[in-house]
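Q: Okay, predicted coordinates and the sequence, questions at the end:
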Amino acid sequence: MLLKIAFRNVFRNRRRSLMTLLAIAVGAIAIVLFGEFIGFIRVALKTMTIESVGHLTVFRSGYFHYGAGNPVAFSIDDYQKVIRLIEEDPDIKPKLNVITPTVSLTGIAGNFEINASKTFFGTGFVPSDRDRMLRWDEDGVFVKRVHKPVALKDDDETVGVVGVGLARVLGLCDKLGIKNCPPRPQLAGPAPSAETEAPDIAALAQAEREQLQGAATDPRPRLDLLAATAGGAPNVMSLFISGAELQSARELDENFIAMHLRLAQKLLYGRGQPKAMAIVMQLQRTEDLPAVRARLKTLFQQHGLDLEVRDFIERQPFYKQAVDMFDTIFFFISLIMGIIVLFTVVNTMGMSVMERTNEIGTARALGVRRSGTRNLFVVEGALLGAFGATVGVVLGQLIAVGFNHTGATWTPPGNAASSPLRVLTSGVLWLLLGTWLGLVLMATVAAVIPANRAARLKVVDALRHV
């Protein structure tokens, strides 16, 4: 009977009740849409991070903290044996998607045709492994993305890719067909030659070019890369550039070179034993990460290997920082929507109490207790919250599904190219349920204030109220 009476009272003043329901529904729509957008941001950042650095990375102990100072000393010696050990483990093998060695190095890249040089940051990898890593999409957030294969080949270690900024600095825009590249300014005074500025580097580069078959007739642009080997001796290798790719940050874009793993090993280790600085592991499912990491630690201890394991969050702190930032924004937006609902329901129920003072007095005179009066208004507030939250959650989900079919795009943080912009509409049951329960709770709490005021009215004063 209480629920029936409360339902009728809610719609006695339809206009006011409708405006209250719309306010609650708008709050629910805002929370649902922004929550689903945050969900998409979270899985999109996770996908891009894991595509780049994998789930887990195996380093030599100490490399993660001190390897930048002496990367050669912290390299993994017999990395192929370690890879086989991991691949053949019965607990890890079914969970593994890609396992591949990588080498990172720094040096000087020179285009001596125009006497230009620039420090570079290089990454060496196996092209086919890298291509498979970039296809990983556990949550299906980039199902409409056109995958662009890596512009390197496993059987050609002489080819590399540079950042658009580095190509501009080294005068490769015309040869690579890069658009919107500003013309190179003419410096005052005679241009120094490579032989007068760096005769040793020029001589090493010339010797390398003479050994490179077909270098004189190959039409592709070429750079000479200088790096220091493990023994400290200078080492120069020639690299044909097949293309330029825009990187996410200007500093990286003007220093980035991607190359074949074997070429990076030759640059860094010379004629010595080729090594790897890291072994990157990409799993089939992210949920297997803790189990695989624990198994790797046990495996390394059993075989006496001086190796350590780091996950993608440790390697890319930006991921957790971005997720925490968006979660904080979502919390404040939800809080603001909840406060708006609170004051809206307080105002609506307060007006209802004023209009029905005589009815309250009559009901009290007929024997209705204070608790009965209070419960009636609390239930009315809960019904307002339930109706408004239901409408808002349903409309929010429908709007989200419609938005995903608009084909909107955006450029995510840490990415240089645009990608589809969507909101996460699957696996969001807890978001929808939490939004509904939260708004109903806020409406119920808001109704308590006017309900208490109604319950405290004196019967005589209520009966003579005009």
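A: Cool, the structure landed.
Q: hey, let's count contacts and neighbours off CA atoms from now on
A: Noted.
Q: Let's see the distance spanning stretch 109-119 from one end to the other.
A: Using C-alpha to C-alpha, to the nearest Å, one end of stretch 109-119 lies 6 Å from the other.
Q: what comes up buried for it?
A: For stretch 109-119, the neighbour count (16 or more other C-alpha atoms under 10 Å) marks Ala109, Gly110, Asn111, Phe112, Ser117, Thr119 as buried.
Q: Name the nearest residue to the fifth one, sequence neighbours excluded.
A: With sequence-adjacent residues excluded and distances taken as C-alpha to C-alpha, 6 or more residues apart in numbering, Ser117 is closest to Gly110, at 4.0 Å.
Q: hey, what's the one you found bridged with?
A: Per DSSP bridges, the residues bridged to Gly110 are Ser117, Asp224.
Q: What confidence value was assigned to it?
A: Reading off the confidence values, Gly110 has pLDDT 87.
Q: Same question for Glu195.
A: Predicted confidence (pLDDT) for Glu195: 47.
Q: One more: the one 10 residues further on?
A: Reading off the confidence values, Ala205 has pLDDT 55.
Q: Which one of the buried residues of stretch 109-119 is nearest to Ala258?
A: Taking C-alpha to C-alpha as the measure, Ala258 sits nearest to Ala109 out of those, at 12.3 Å.
Q: ok, the closest residue to the closest one other than its chain neighbours - contacts?
A: Leaving aside its chain neighbours, Ala109 sits nearest to Leu225 (4.5 Å; criterion: C-alpha to C-alpha, 6+ apart). Leu225 is in contact with Gly107, Ile108, Ala109, Gly110, Val236, Met237, Ser238, Leu239, counting by C-alpha atoms under 8 Å, 6 or more residues apart in numbering.
Q: Give me the residues contacting the helix or strand where Asp129 lies.
A: Here Asp129, judged by DSSP states H and E, is contained in helix 127-134. Residues outside helix 127-134 that contact it (C-alpha under 8 Å, 6+ apart) are 51-52, 54, 98-100, 147, 149-150, 152-154, 260, 282.
Q: which one of the contacts of Leu225 sits closest to Lys93?
A: Within the contacts of Leu225, proximity to Lys93 (C-alpha to C-alpha) peaks at Leu239, which comes in at 35.5 Å.
Q: Is that closest one located within a strand, as I assumed?
A: Yes. Counting by DSSP: H, G, I helix; E, B strand; the rest coil, Leu239 is found in a strand.
Q: Look up which residues are beta-bridged to it.
A: Leu223.
Q: what pLDDT does it get?
A: 89.
Q: The one 3 residues further on too?
A: You'll see Ser242 listed with a pLDDT of 88.
Q: shaky segments in the stretch 51-200 of the chain?
A: For the stretch 51-200 of the chain, applying pLDDT under 70 flags the ranges 143-147, 186-200.
Q: mind running it again at 80?
A: Under the criterion pLDDT under 80, the flagged ranges of the stretch 51-200 of the chain are 67-72, 112, 141-151, 183-200.
Q: what ranges do the strands span in it?
A: In the stretch 51-200 of the chain, the strands defined using DSSP state E, counting those that start in this stretch lie at 56-60, 96-111, 116-125, 159-163.
Q: now those strands in CSV, with distance to Val169?
A: Converted to CSV, the strands of the stretch 51-200 of the chain look like this (distance: least, C-alpha to C-alpha, whole Å):
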stretch, distance to Val169
strand 56-60, 33
strand 96-111, 10
strand 116-125, 8
strand 159-163, 10
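Q: Looking at the ones you listed, which is nearest to Gly381?
A: Counting by C-alpha to C-alpha, Gly381 lies closest to strand 56-60 out of these; the figure is 50.9 Å.
Q: Quick one: residues in contact with the closest one.
A: Outside strand 56-60, the residues within contact range by C-alpha under 8 Å, 6+ apart are 74-76, 277-282, 289, 293, 306-312.
Q: I'd assumed Glu51 was in contact with Gln316.
A: No. Gln316 lies out of contact with Glu51 (C-alpha atoms under 8 Å); the separation is 11.9 Å.
Q: neighbour-wise, which of those two wins?
A: Neighbours were counted for Gln316 and for Glu51 using other C-alpha atoms under 10 Å; Glu51 has more, 20 against 14.
Q: for the more buried one, what are its contacts?
A: Counting by C-alpha under 8 Å, 6+ apart, Glu51 makes contact with Met133, Leu134, Arg135, Trp136.
Q: Could you do Ala23 as well?
A: For Ala23, the contacting residues are Ile340, Val341, Thr344, Gly388, by C-alpha under 8 Å, 6+ apart.
Q: quick one, phi psi at it?
A: Backbone torsions of Ala23, given as degrees, to the nearest 10, read phi -60, psi -40.
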